[in-house]
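S.K.: this one's structure only:
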């Protein structure tokens, strides 16, 4: 059973995730906030949410690897779809190691769903087993 402090902390994390999917998307920094996704954005505008210079690496499907290179993207939210990235004008580079195949797919628009619940389930699991810690990378 969680202590009142742990329950409050988890509730706060979940509410934060629901309202601020952009909290960890920073200019010129690789972010792995979302489970199975690594996001890099070259330019984040001061106003609005259309970003440019984007690379998204998606390993959420077991045995498959997708790298998305959209021209632009924005963070969206809808009651039906939840949180997602709306991508436009780009390519998907897909690799399937078992089949030894590579595909390049062009798209005009593509909606990439974010699995917020899965991301926070992974954080909760780390908290329960006491392995949640931050890592600092230093230049050598």
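M.R.: It's in. Please read these numbers as outputs of a predicted model, since none were measured by experiment.
S.K.: those strands in this protein, which residues are they?
M.R.: 37-43, 51-58, 65-78, 82-96, 101-113 (DSSP state E).
S.K.: looking at these, which is closest to residue 26?
M.R.: Closest to residue 26 of the strands of the chain, according to CB to CB: strand 37-43, at 7.5 Å. Where you see a C-beta, it was placed from the backbone N, CA and C, and this is true even at glycine.
S.K.: could you give the angle of the closest one to strand 101-113?
M.R.: Counting by axes from the mean of the first three to the mean of the last three CA atoms, to 10 degrees, strand 37-43 lies at 80 degrees to strand 101-113.
S.K.: tell me which other helices or strands strand 37-43 touches.
M.R.: Here strand 37-43 touches strand 51-58, going by 3 or more CB pairs under 8 Å, 6 or more residues apart in numbering; DSSP states H and E.
S.K.: what mean pLDDT does the strand it packs on get?
M.R.: Averaged over strand 51-58, pLDDT sits at 91.
S.K.: just checking, what packs against that strand?
M.R.: If you count contacts as 3+ CB pairs under 8 Å, 6+ apart, strand 51-58 packs onto strand 37-43, strand 65-78, strand 82-96.
S.K.: got these as a markdown table, with mean neighbour count, mean pLDDT and distance to residue 55 columns?
M.R.: Below are the helices and strands packed on strand 51-58 laid out as a markdown table (neighbours: other CB atoms under 10 Å; pLDDT from 0 to 100; distance: least, CB to CB, whole Å):
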| stretch | mean neighbour count | mean pLDDT | distance to residue 55 |
| --- | --- | --- | --- |
| strand 37-43 | 17 | 90 | 4 |
| strand 65-78 | 17 | 89 | 6 |
| strand 82-96 | 17 | 90 | 10 |
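S.K.: need the ones you listed in a markdown table (columns: distance to residue 111).
M.R.: Conversion of these to a markdown table gives the following (distance: least, CB to CB, whole Å):
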| stretch | distance to residue 111 |
| --- | --- |
| strand 37-43 | 14 |
| strand 65-78 | 8 |
| strand 82-96 | 5 |
